[in-house]
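**Q** Structure of the sequence below:
(2 chains)
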Amino acid sequence: DQQVKQNSPSLSVQEGRISILNCDYTNSMFDYFLWYKKYPAEGPTFLISISSIKDKNEDGRFTVFLNKSAKHLSLHIVPSQPGDSAVYFCAAYNSGTYKYIFGTGTRLKVLA
Amino acid sequence: DTGVSQNPRHKITKRGQNVTFRCDPISEHNRLYWYRQTLGQGPEFLTYFQNEAQLEKSRLLSDRFSAERPKGSFSTLEIQRTEQGDSAMYLCASSLAGTDEAFFGQGTRLTVV
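**A** Numbering: from 1, shown residues only, chains lettered A, B, ... in the order given. Predicted coordinates:
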């Protein structure tokens, strides 16, 4: 049972435009949601998180939006840069179990 | 560098051999996680420790897998009698209780031939 889903395996965006990566989840017990960025042969790097009691969190070019009623979150990157090209993982955290559950990732390619 | 450190970065082993990986978490972090990632998948939870106590193990962690964190600092993950299906990236992460972010190491890529 895939509790966290990223339905788009890949996304291509022109440099300077907005990248929108989506994530859906099924378990309403998740407390926090996180986005990680991963380059090949490296571990995931934490990008940004959002508490389940908020609907938006912004950090520089990165903004995460949470729609609890739809069990959906999205990561917006604007403006997109070629260095943003990587695989992005959405993760959900349950503070009752202390576990992070990851989606399958979306490969973002930013075209120069 | 005060991030999560994993050794070795790469390991190639013959089927049937035992392997051991090490993870050094961020020093003040009391939670430590092991995850496994295969191609095209997200990281899958294997086990986690709070200090030296192993609080949960995934059903993915067969009897051939064992993890320890004897002094609540570094951790080791041992795989006995490796199989080709064990080939994956093994990721370690650490976090501080009361915070939500987990920080990952660079991973150990295991190839079983």
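**Q** Pull stretch B:29-47 out as CSV, backbone CA atoms only.
**A** Provided in CSV are the C-alpha atoms of stretch B:29-47 (Å, rounded to 0.1, in the frame of the first residue of the first chain):
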residue,chain,number,x,y,z
HIS,B,29,21.0,13.5,17.0
ASN,B,30,19.4,10.8,19.1
ARG,B,31,17.4,9.2,16.3
LEU,B,32,19.0,7.1,13.6
TYR,B,33,17.4,5.5,10.7
TRP,B,34,18.3,3.0,8.0
TYR,B,35,16.6,3.0,4.7
ARG,B,36,17.1,1.1,1.5
GLN,B,37,16.7,2.5,-2.0
THR,B,38,16.5,0.6,-5.3
LEU,B,39,16.3,2.0,-8.8
GLY,B,40,13.1,3.9,-9.5
GLN,B,41,11.9,3.7,-6.0
GLY,B,42,11.9,6.0,-3.0
PRO,B,43,13.8,5.2,0.1
GLU,B,44,12.1,2.3,2.1
PHE,B,45,12.2,2.2,5.8
LEU,B,46,14.3,-0.6,7.4
THR,B,47,14.7,0.2,11.0
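**Q** What mean pLDDT does stretch A:55-65 get?
**A** Taken as a whole, stretch A:55-65 carries a mean pLDDT of 97.
**Q** Go ahead and confirm A:Met29 touches A:Lys99.
**A** No - contact criterion C-beta atoms under 8 Å: A:Met29 and A:Lys99 do not qualify, at 10.8 Å. C-beta here means a position set from N, CA and C on the backbone, and glycine is covered the same way.
**Q** give me every residue that touches the residue of chain B at minimum distance from chain A.
**A** Closest to chain A within chain B is B:Gly42: 3.4 Å, counting by C-beta to the nearest C-beta. Contact analysis of B:Gly42 by C-beta atoms under 8 Å, 6 or more residues apart in numbering or on different chains lists A:4, A:6, A:89, A:91, A:102-105.
**Q** wait, which of these is closest to chain B?
**A** Using C-beta to the nearest C-beta, A:Phe102 is the member of those that lies nearest chain B, at 3.4 Å.
**Q** does chain B sit close to stretch A:52-59?
**A** No - against chain B, stretch A:52-59 shows no contacts by C-beta under 8 Å from any C-beta of the partner chain, the least distance being 10.1 Å.
**Q** Need the contact partners of that stretch.
**A** Stretch A:52-59 is contacted from outside by A:30-33, A:47-51, A:63-68, using C-beta under 8 Å, 6+ apart.
**Q** for stretch B:60-68, same thing?
**A** For stretch B:60-68, contacts defined as C-beta under 8 Å, 6+ apart pick out B:34, B:36, B:44-47, B:49, B:54, B:57, B:75-83.
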